[in-house]
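# Fold the stuff below for me.
(2 chains)
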Amino acid sequence: MDKKYSVYICTGCGIGDNLDIKQLCEVPEEEGMTVKTHPFLCSKKGVSLIKEDIANGTNAISIAGCSRRVNYDVFQFENCIVDRVPLREQVVWIMSRDKYPMPTDEQKDDDEFIDPPQFAAADYLKMSIIKLQKITIPEPYKTDTFSKKILVIGGGITGISTALDAAKAGYKVTIVEKQDTLGGYAACLRKQIPYQDPYEDLCPPIIADKIKEAEANGSIEIKTGTVIARIAGQPGEFTVTFKKPDEKIEFDVPYPLPDEMKVDENGKEYDVDKLAEIYAEYNKGKKDILTLDPNGELFGAVVLAAGWRPAKLEGEKYNHLGVGSSSDVITNVQFEKIASKGKIVRPSDGKEAKSVVFIQSPEQEDDADFEYAGAITSLVALKQAKYLREDYGDGKAYIFYQHMRTPGLSENFYKNIQNDVGIFLTKGKISSVTANGNGLIVEADNTLLGEKIKVKADMVVLGAGMVPATYDEPVVNLAYRQGPKFRDNEIFDEYADSNFICFPYETQRTGIYAAGGVRRSMNIEESMEDAAGAALKAIQCIESVNRGTSVHPRSGDMTFPDFFFQRCTQCKRCTEECPFGALDDDEKGTPRPNPARCRRCGTCMGACPERIIGFADYSIDSIGSMVKSITVPSPDDYDEPPLRILGLVCENDAIPALDIAALNKLNISPLVRFIPVRCLGSVNTIWIKDALSIGIDGVFLLGCKHGDDYQCHFVKGSELAGIRMKKIGEALTSLALEPERVTQFEIAIDEYNKLPDIINSFVEEIEEIGENPFKGF
Amino acid sequence: MSDKYFIEPDINFINEVKKLGGDSLKKCFQCATCSVACPIAPDNKPFPRKEMIAASWGLKDRLISNADIWLCHQCGDCSTLCPRGAKPGDVLGAIRSYAISEYATPKSFAKMVNDPGKLPLLLIIPAIIFIVIGMITGQFSFSPGAGEIVQAKIFTPLLVQIIFPILTLIVIASFGMGLKRFLNDIHQNAINSGLTDKRLDIGGVISGLFKILPTILKHDKFSECSENKDRMTAHLLVFYSFIGLLIVTAIFFIVLDFFHIPGPYSQSNPVKWLANISGVALIMGSIMMIKNRLGKTDQTTSYKDWYLLYLVFGLGFTGMLTEIARLIGLSGTCYISYFIHLILVFNLIVFLPYSKMAHFVYRTLAMAHAEYIKR
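Numbering: from 1, shown residues only, chains lettered A, B, ... in the order given. This next block holds a predicted model:
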């Protein structure tokens, strides 16, 4: 495109008071660009100033004023490249004039004098100008084929609710259920935990009505006795192959080779051809993932509502609870089965069970509940205790718990159950369950009753948890090069989730959303609410793909990674490192992008050693040029040139934290220049090399936390950056540069108050190391 | 069961306590705010948190033999601060009611005293006893005749001395048995819960009793409460008026039996002063208590509370009415009121072990025992 540049400097919010605007205007003027200033640029008058120029052909605009996180709706101009220069947040607010006084006339005339805020402002303007020159307006990506249909995997309460919600919103839905009937576990209950006001009493099950509703809905197709053989393609055009459970077909999804099969007996990795051969043998009879099933059905998005199975309580660690030794020690699911058939009776002899102990925690060492338990297991114990009381007026139900979790309005239910004269609750650690004639004796320690207690029981019920279906098998069977299942879900105990708090329903596969028990242990009411959320997510995905934009978290982003394949070395790094499995390499190893699967984090761009991947507005060249446009004062010009530090800052959490620090007027060293990046995963090491080669003395990466409680929007960004940083450290040593010059910091979005210390300490550290020996070369 | 760790919830007990004014007991979720709030609970194993869980688990044996329920003065601080509205103060009150009935012998009496339907019976029985014994001994007369009004004309002091000392002895004997059981039980309970390893020594308990006398006389425990401070004045009035009237009655009969000087005394007699002051205090105190109860809608008040309150008020009122009617010459009013007064006295003394009035014995004993084991 032909670009016509214009730079606007806002002098409001203290910018004009603290900076020499005239001097600043010289920066773009030297580049031959027009510069305009305005005391209140975000006002109607200010914006119309810009609009007038746009009408006269301006299409590449740099707005120097506030952070791009504010007034983004004001400074939005169609068919224009807009860049924002945060003079307010990254210059005047963090470089206090108390600390760096306005230069005197004498200082102004002194060539050796550097006014740090003024210097920084000029740098940021230069970076913006070069960025405008390097980026282009993105064009949307359209899939070849497109479907708006939603596939729902699982015909339990979650799946049915998802289908009904999506159908109500005007979308066609197909439900796939492995069993021969719909309903899942919800169809096996005597009663439900209260789901309506006043949330006190047990409610009749609702599943039967929901099944009828789904069966009667013309927009919902139901396939029972069916499972997913494979899901190929990308959001908007998923090609799905169905099959009967246990059937073997050619479109069953191939599995990637396990690590141990990739190496020979000496532990050496086989070459590409050999690996392809082993892979073909390993997946014999199955079509490759890139072969689309001509008879496959097309779907726009998938909701995974495969639910859960009861946890199996086996093994030595449950011996003290009588598991295995008494048939009257059962799980909550087994108890529900008895209750749904009639009165509560003992499994051993079919006699009335009038004294039942409900155990919520098996642990002897700590206070953990059964694995995969949660609020739901507490609520189920309360519910089942009530069954007993419904059946027998003289029945006694004991609940021994370490945690009694009754969130939200279910507190009303808890209160109501507590009020029942025949239900006895106490915190306590179970020390043993032993036989006593026909019955059992439960012994508990450390109870609210103050000491060891023993009670007689006809039956003991253990609060087993809900194991997600994805624990046992991939279920979704994705025809993705990274494999058929969600990756790295071990940290979520195999629950299908990607970032529980920030992005509910999202999995690590774009276009596939999880709801209900497969996402976390939850009750029917919560599952239905979850279903609505996942249905909306699926719709959001379909509509975003239809517009050719990214779904989330960069909703509306129209860019997508562009590959310059001529230079691809088939190293597969991008395919392997993509957190979302967006790339499927072919048999040669050339990546085949699936832009609709992509979340635009740029991890591939950061990974590519050949630097052939880029986005329209974010590329190796655009950021690299920004780095190189930073003025590094050299010993030739100054007796004591100030150091220069580069900060590559993740725009998801770290930039907001920086903005909040600025808002709080926290002082940050003026030696630092910040450049926002999409994710630390997108940081290509070439940028660091560029920085060091022009004499920048230190570089730091500022991003999200990683590890078990990671906060990375793109799951693996900071983790990958960490690995790359380690490698670059080695490279620096070989160049006789101190590896400490490059480092990575983690920060949470609310830790803005820690930022100045983190950054300023790093600057001090670099000052101690001294200047970059390459300075001035 | 011999194993002290074995517990068997008693659902009937829970239902009984609920009926006796502890209907909120199951609401407790064991946060222990009550034990922290209580101004008089000891630091070691404070009440009423542990009593609340024992109550909601229906652990009857643990509760009625627990001296702590008697250390509580039901000031209400805990009930006010309870986040769940479980009203620990009321629950402990209900458990005390239950304990009184449980230790009383015979239990049928206890049932009768606590049953509103049996109230007429409680009033008729003494009337019949009085009349029957009075007729047999000739010490009771339906026609006192005219002239100076003297209560002795219808109900001779001899008859009073025949009936009441005997009754008192019977009451003491039956109450004593219950109290012995009570003392053994609370001591065993204290041993079981690790509060003491001493052997039960009656002498020790008695010396404990002497040590706590000043506390009782000054109502020190009452004054530690913040919620129901106003109750202290009323209780003090009633408490001291009973002591005053006990002294007056004792003097009256000693003087009558040994110096043969009959009543009624002149208004200038210091004994009469004490009698009058005590009588007024009794009426005032009981009215204050009734007013207090009526004003407290958040506190549960059961029949046994009302029975005792109106009994105390009735005693004061009929006593005073008898005297005033005598002084102004209303003979009928005087005699009838005197007869009713005696019926109420009978109620007070004979039903002592079964009514709420027994609290003064149990609480005193529990406090003495607590002093003995250094609770």
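
# Three-state assignment for A:Val699, please.
With DSSP: H, G, I helix; E, B strand; the rest coil as the basis, A:Val699 sits in strand.

# Tell me, how many residues neighbour it?
Per other C-beta atoms under 10 Å in any protein chain shown, the neighbour tally for A:Val699 reads 25. (Each C-beta comes from the backbone N, C-alpha and C, glycine too.)

# Pretty sure it sits against A:Gln744.
No - taking C-beta atoms under 8 Å as the definition, A:Val699 is not a contact partner of A:Gln744, at 9.6 Å.

# what's the single longest helix in the chain?
I'll assume chain A. helix A:524-547 (DSSP state H).

# that's the other chain; I wanted chain B
What stands out as the longest helix in chain B, according to DSSP H, is helix B:157-192.

# Give the buried residues for it.
B:157, B:159-160, B:163-164, B:167, B:171, B:174-175, B:178-179, B:182-183, B:185-187, B:189-190 (16 or more other C-beta atoms under 10 Å in any protein chain shown).

# So if we follow the domain assignment, how does the chain break up?
With no chain named, the answer covers chain A. A:1-137, A:150-252+A:289-308+A:469-547, A:254-287, A:312-464, A:562-614, A:618-777 (automatic domain parsing).

# actually it's chain B I care about, not the one you picked
B:11-103, B:107-372.

# And those: which comes nearest chain A?
Minimum separation from chain A across the domains of chain B (C-beta to the nearest C-beta) falls at domain B:11-103, 4.5 Å.

# Next, the distance between the ends of that closest one.
With C-alpha to C-alpha, to the nearest Å as the measure, domain B:11-103 spans 20 Å from end to end.

# Ok, stretch A:265-280 next?
From its first residue to its last, stretch A:265-280 covers 20 Å (C-alpha to C-alpha).

# likewise stretch A:241-252?
Stretch A:241-252 has an end-to-end distance of 8 Å (criterion: C-alpha to C-alpha).

# Name the helix or strand for residue 230, please.
Just going to use chain A. Here A:Arg230 sits within strand A:227-234, counting by DSSP states H and E.

# Sorry, I should have been clearer: chain B.
B:Asp230 is located in helix B:229-259, with elements delineated by DSSP H and E.

# Tell me the helices and strands packed up against that helix.
For helix B:229-259, the packing partners by 3 or more C-beta pairs under 8 Å, 6 or more residues apart in numbering or on different chains; DSSP states H and E come out as helix B:157-192, helix B:220-223, helix B:270-295, helix B:303-328.

# Residue numbers of chain A in contact with chain B?
By the rule C-beta under 8 Å from any C-beta of the partner chain, the part of chain A lying against chain B is A:394, A:396, A:415, A:418-422, A:424, A:426-427, A:443, A:448-456.

# Please identify the helix or strand for the closest residue to chain B within the stretch 101-250 of chain A.
The nearest approach of the stretch 101-250 of chain A to chain B comes at A:Glu200, 13.3 Å away (C-beta to the nearest C-beta). Assigned by DSSP H and E, A:Glu200 belongs to no helix or strand.

# Okay, now the unreliable bits of the chain?
Assuming you mean chain A. A:499-501, A:777 (pLDDT under 70).

# The intended chain is chain B.
Judged by pLDDT under 70, the stretches of chain B that qualify are B:1-2.

# Quick check: residues of it near chain A?
Those residues of chain B that sit near chain A, judged by C-beta under 8 Å from any C-beta, are B:3, B:5-9, B:11, B:14-15, B:18, B:26-27, B:29-30, B:45, B:50, B:53-54, B:56-59, B:84, B:193.

# For PyMOL, write a command that selects the buried ones of those residues.
Selection of buried members from the residues of chain B next to chain A for PyMOL, criterion 16+ other C-beta under 10 Å:
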select buried, chain B and resi 7+9+14+18+26+27+29+30+45+50+53+54+56+57+58+59+84
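
# For A:Cys574, grab the count of nearby residues.
Look at A:Cys574: counted by other C-beta under 10 Å, it has 25 neighbours.

# err, B:Ser108, not the other one
Close neighbours of B:Ser108, defined as other C-beta under 10 Å, add up to 10.

# would it count as being in a strand?
No - B:Ser108: not assigned to a strand; according to three-state DSSP it is helix.

# residue contacts, it?
B:Ser108 sits next to no residue when contact means C-beta atoms under 8 Å, 6 or more residues apart in numbering or on different chains.

# Let me know the distance separating it from B:Lys118.
Separation of B:Ser108 from B:Lys118 (C-beta to C-beta, to the nearest Å) stands at 10 Å.

# list residues touching both of those two?
By C-beta under 8 Å, 6+ apart, B:Ser108 and B:Lys118 have no common neighbours.

# which residues touch the residue nearest to B:Ser286 when sequence neighbours are not counted?
Leaving aside its sequence neighbours, B:Ser286 sits nearest to B:Phe313 (C-beta to C-beta, 6 or more residues apart in numbering or on different chains; 3.8 Å). Counting by C-beta under 8 Å, 6+ apart, B:Phe313 makes contact with B:Ile283, B:Ser286, B:Ile287, B:Ile290.
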